[in-house]
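K.L.:
Pasted the sequence and its predicted model underneath.
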Amino acid sequence: MSVVLPARNEESTVGDIITVIRRELVERTPLVDEILVVDSNCTDATAIKAAAAGARVVAQDAVLTHLPRLTGKGEALWKGLAASHGDIVVFVDSDLRDFGAHFVTGLLGPLLTDPAVHFVKGAYERPLIGDDGVARRGDGGRVTELVARPLINLFWPELAGFHQPLGGEYAARREVLAQVPFVTEYGVEFGMLVDLLDLVGLDAMAQVDLGTRTHSHQSTTALGRMAGQITLTAWSRLERQGRVLSSEPPSRTLLQFGLDGRPDLVDVSVAERPPLASLLFEEDVA
C-alpha cells in the first residue's frame, strides 16, 4: 500500500506528516509499504525535509520523461500514481496541520474490509484560519461551496452526498485509478469523481468522516483561478457525456482585477493525462 503526497513548497508541514505516517503505520503497525513525495518543482526545502523524514522523493518531471512536461496538482498526482507501487494508493495533501494517522487508516478501512468498494473520499470540517490565527468553523472550502457543489447538484446529483468533493485526501485501488484520466490542474478531484461515477458506479464509492482538516489557505485571487479550472473540467465532462453542444469552445482565460483596479488576464486552461493503464499498454505493445 502506498501513500502519495503531492508537494509544492510545503517545507513547513511535509516532514511532520511523513513522520507520523512512518512512526504509526510503518514502524509501530506495518500497514504502509511506501511513502512517496512528488516534488512538484519546489523552490524550497520540501524535498530535503521529506527525504529526511523517511519518504522516497521523486521529481515530478523525472517520471515518464519521454512525455511532454505539464504542470499542476493533477500532474503531480498522476506522476505519483505512475511512480508508486502499491495495489492501494492513498493521496494526502502536503499542507495539512495537526495531521493524524487516522487520515490514512480511515481511508483504508472500507477498501480493506469490502472488496466491492473501489474508491474512498475523506469527509471533514474545514475551518478557515484567519490572519489572527482564529479558526472560523464552516468557512473553509470556499470554492467547494461556491462552484463545485452547485455544479455537482445541477449535473451529477448522484455525487451530491460527497461532503468534500475537492478535498485532497482519498484512496483507491490502483487498477481503478489507472483507468481514469487525470486533469493536470486543480480540476483533478472534480474530474476524478465524475469519471469514477461512470467507471465503477456510486455503490463502489464511499466516504469516511476524518474529523477536522486544517491547512494553509490561498488568496481569493488564486481561488478564482481554481474556480475557472474546475468549471472548465465540468464543461469537458458534460461535453464528453454528450450533455452539452457548443458552436465554439469556452474561453480559457479569466480577467481579474487587483486591489489597484488593474486588470490581469490569466490562463485557466486545463490539460489532461490519459488513463495510465492505456499508456502502459501502448508501451508494452511497442
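P.N.:
Sure thing, it's come through.
K.L.:
now the helices for the stretch 151-286 of the chain?
P.N.:
Secondary structure of the stretch 151-286 of the chain (DSSP state H, counting those that start in this stretch): helices at 174-177, 188-200, 220-240, 276-285.
K.L.:
and if you look at the stretch 1-150 of the chain?
P.N.:
14-22, 46-53, 73-83, 102-113, 142-143, 149-155.
K.L.:
Please identify the deepest-packed of those helices.
P.N.:
helix 73-83 (a mean of 25; mean count of other Cβ atoms under 10 Å). Using the backbone N, CA and C atoms, a C-beta is placed for each residue, glycine as well.
K.L.:
so it versus helix 188-200, what angle?
P.N.:
50 degrees (axes from the mean of the first three to the mean of the last three Cα atoms, to 10 degrees).
K.L.:
which residues are in contact with helix 73-83?
P.N.:
With contact meaning Cβ atoms under 8 Å, 6 or more residues apart in numbering, helix 73-83 is reached by 4-8, 36, 38, 40, 58, 60, 63-64, 89, 91, 174, 177-178, 182-188, 191, 270-271, 273, 276.
K.L.:
any idea of the mean pLDDT for that helix?
P.N.:
Helix 73-83 shows a mean pLDDT of 97.
K.L.:
what residue ranges in the stretch 51-200 of the chain score low on pLDDT?
P.N.:
For the stretch 51-200 of the chain, the stretches with pLDDT under 70 are 128-141.
K.L.:
Separate out the buried members of the contacts of helix 73-83.
P.N.:
4-8, 36, 38, 40, 58, 60, 63-64, 89, 91, 174, 177-178, 182-188, 191, 270, 273, 276 (16 or more other Cβ atoms under 10 Å).
K.L.:
And the residue lying closest to R225 once chain neighbours are set aside, how far from Q229?
P.N.:
Once flanking residues are discounted, R225 sits nearest to V268: 5.4 Å by Cβ to Cβ, 6 or more residues apart in numbering. If you measure V268 against Q229 using Cβ to Cβ, to the nearest Å, the figure is 5 Å.
K.L.:
again, but for D93
P.N.:
Taking Cβ to Cβ, one finds D93 at 17 Å from Q229.
K.L.:
V26 now?
P.N.:
V26 is 35 Å from Q229, by Cβ to Cβ.
K.L.:
Same question for E272.
P.N.:
For E272, the distance to Q229 - Cβ to Cβ - is 12 Å.
K.L.:
so what sits against both of those two?
P.N.:
Common neighbours of E272 and Q229 (Cβ under 8 Å, 6+ apart) are V183.
K.L.:
Among these two, which residue is more densely surrounded?
P.N.:
Q229 (28 against 18; other Cβ atoms under 10 Å).
K.L.:
list the contacts for that one?
P.N.:
Contacts of Q229 (Cβ under 8 Å, 6+ apart): V183, E185, Y186, G187, V268, S269, V270.
K.L.:
Spatially nearest residue to the second one (excluding sequence neighbours)?
P.N.:
It refers to E185. G72 is the one closest to E185 (Cβ to Cβ, 6+ apart), at 3.7 Å.
K.L.:
my guess is that neighbour meets T184, correct?
P.N.:
Yes - assessed by Cβ atoms under 8 Å, G72 is found in contact with T184 at 4.3 Å.
K.L.:
Please give me every residue in contact with L197.
P.N.:
Contacts of L197 by Cβ under 8 Å, 6+ apart are W156, E158, L159, M205.
K.L.:
how near is it to D260?
P.N.:
43 Å.
K.L.:
Please work out which residues outside stretch 90-102 touch it.
P.N.:
Against stretch 90-102 from outside (Cβ under 8 Å, 6+ apart): 1-8, 10, 13-14, 16-17, 20-21, 24-25, 37, 46, 77, 80, 103-104, 107-108, 168-171, 210-216.
K.L.:
if I read this right, T184 contacts T233, doesn't it?
P.N.:
No - with contact defined as Cβ under 8 Å, T184 does not reach T233; the gap is 10.2 Å.
K.L.:
can you list residues touching both of the two?
P.N.:
Joint contacts of T184 and T233 (Cβ under 8 Å, 6+ apart) are V270.
K.L.:
ok, so of the contacts of L197, who is nearest T144?
P.N.:
The nearest member of the contacts of L197 to T144, counting by Cβ to Cβ, is L159 at 12.4 Å.
K.L.:
what's the closest residue to the closest one other than its chain neighbours in contact with, if anything?
P.N.:
The shortest distance from L159 to any non-neighbouring residue, by Cβ to Cβ, 6+ apart, is to I152 (5.0 Å). Applying Cβ under 8 Å, 6+ apart, we find I152 in contact with L159, A160, F162, P165, L193.
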